[in-house]
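Engineer: okay, predicted coordinates and the sequence, questions at the end:
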Amino acid sequence: MIRRIGWTLVLLLVSGSLGCRANALPVKPSAAWSLTSQDGVSFGSRDLRGKVALVTFVYTHCATVCPLLSAQMKQLQDEFGREGAFGSRLVFVSVTVDPPRDTPARLKEYAGQFGVDLSGWTWLTGEPAQLETLWRSFEVVAYPDLATMDAPLASASHAGHGTSVPANYAVVHTTKTVLLDGAGNLRAEYIGVELPRARVAQDIRALLAELDGGH
Ligand SMILES: [Cu+2]
């Protein structure tokens, strides 16, 4: 009897060690999307295929949460840059939650302030409707806080081409960062301003190993 239990344990251990560690991350397909990069060129979910992507949602006028989040992603950029994965098999994406003010030029300038390596980290803006589709697909909620606005909302909704945009307002938004695998599936999400860097790095490594293993 004891011997039989012993063999069962051995079998469990063997099968456990053979299992792919990355399979521990659930797989959730995500919808296709297309937006505009900090260079003013079209960038979409197709551009992420075959790569592990860490995607977050921020706005450049954010005085609280977003700068902290971006600074932590910068540390991950440097960590994986040293390992050679960043910019090739691993890419980062920051999606704005404030399209009226976050023009491509503004995003590029902001990324520069953070020491972002734009060869592997893309900043995205676009038409509010396109952005909303992407936010919704990752269950991110974002809206301007009217109480903080210094001009009527009407001008904000017609933002862009020469129309005035209120300069000072906050955007209420979900603080969420998501990790996508090479096929665009949602594999992990991290809620809150404190990015659990060790866990994110571990999850990224698991998905990079999946890319290498071809499954
Ligand atoms: Cu923010």
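Structural biologist: Now that the structure is in, tell me what you want to look at. Numbers count the residues shown, from 1 in each chain.

Engineer: when you work out contacts or count neighbours from here on, use the C-alpha atoms and nothing else.
Structural biologist: Noted.

Engineer: which strands and helices lie in contact with the biggest helix by length in the chain?
Structural biologist: Counting residues, the longest helix found in the chain (DSSP state H) is helix 65-83. In this structure, helix 65-83 packs against helix 197-213, with contacts taken as 3 or more C-alpha pairs under 8 Å, 6 or more residues apart in numbering; DSSP states H and E.

Engineer: list of residues touching the helix it packs on?
Structural biologist: Residues from elsewhere that reach helix 197-213, judged by C-alpha atoms under 8 Å, 6 or more residues apart in numbering: 21-22, 50-52, 72, 76, 89-90, 179, 181-182, 188.

Engineer: ok and the residue in the protein nearest the ion?
Structural biologist: residue 66 (4.0 Å; C-alpha to the ion).

Engineer: list the beta-bridge partners for the residue nearest the centre of the chain.
Structural biologist: What sits nearest the mean C-alpha location of the chain, by C-alpha atoms, centre = their mean, is residue 55, with 0.9 Å. Per DSSP bridges, the residues bridged to residue 55 are residue 93, residue 178.

Engineer: contact partners for it?
Structural biologist: Each residue near residue 55 by C-alpha under 8 Å, 6+ apart is listed here: 92, 93, 94, 95, 177, 178, 179, 180.

Engineer: tally of neighbours for residue 36?
Structural biologist: Residue 36 sits with 19 neighbouring residues when counted by other C-alpha atoms under 10 Å.

Engineer: check contacts around it.
Structural biologist: Neighbouring residues of residue 36 by C-alpha under 8 Å, 6+ apart: 42, 43, 104, 124, 125, 126.

Engineer: farthest pair in the residues you listed?
Structural biologist: The widest separation within those, taken as C-alpha to C-alpha, falls between 43 and 104 and amounts to 11.9 Å.

Engineer: now list whatever residues contact both of the two.
Structural biologist: 36, 37, 124.

Engineer: double-check that the last one belongs to a strand.
Structural biologist: Yes. Under DSSP: H, G, I helix; E, B strand; the rest coil, residue 124 sits within a strand.

Engineer: you'd agree it is up against residue 37?
Structural biologist: Yes. Using C-alpha atoms under 8 Å, residue 124 makes contact with residue 37 at a distance of 4.6 Å.

Engineer: the more surrounded of those two?
Structural biologist: When residue 124 and residue 37 are compared for neighbours, residue 124 comes out ahead with 30 against 23, by other C-alpha under 10 Å.

Engineer: quick check, nearest of the shared contacts of residue 43 and residue 104 to residue 27?
Structural biologist: For the shared contacts of residue 43 and residue 104, the nearest to residue 27 is residue 124 (24.4 Å; C-alpha to C-alpha).

Engineer: pLDDT at that closest one, what is it?
Structural biologist: Confidence at residue 124, expressed as pLDDT, is 98.
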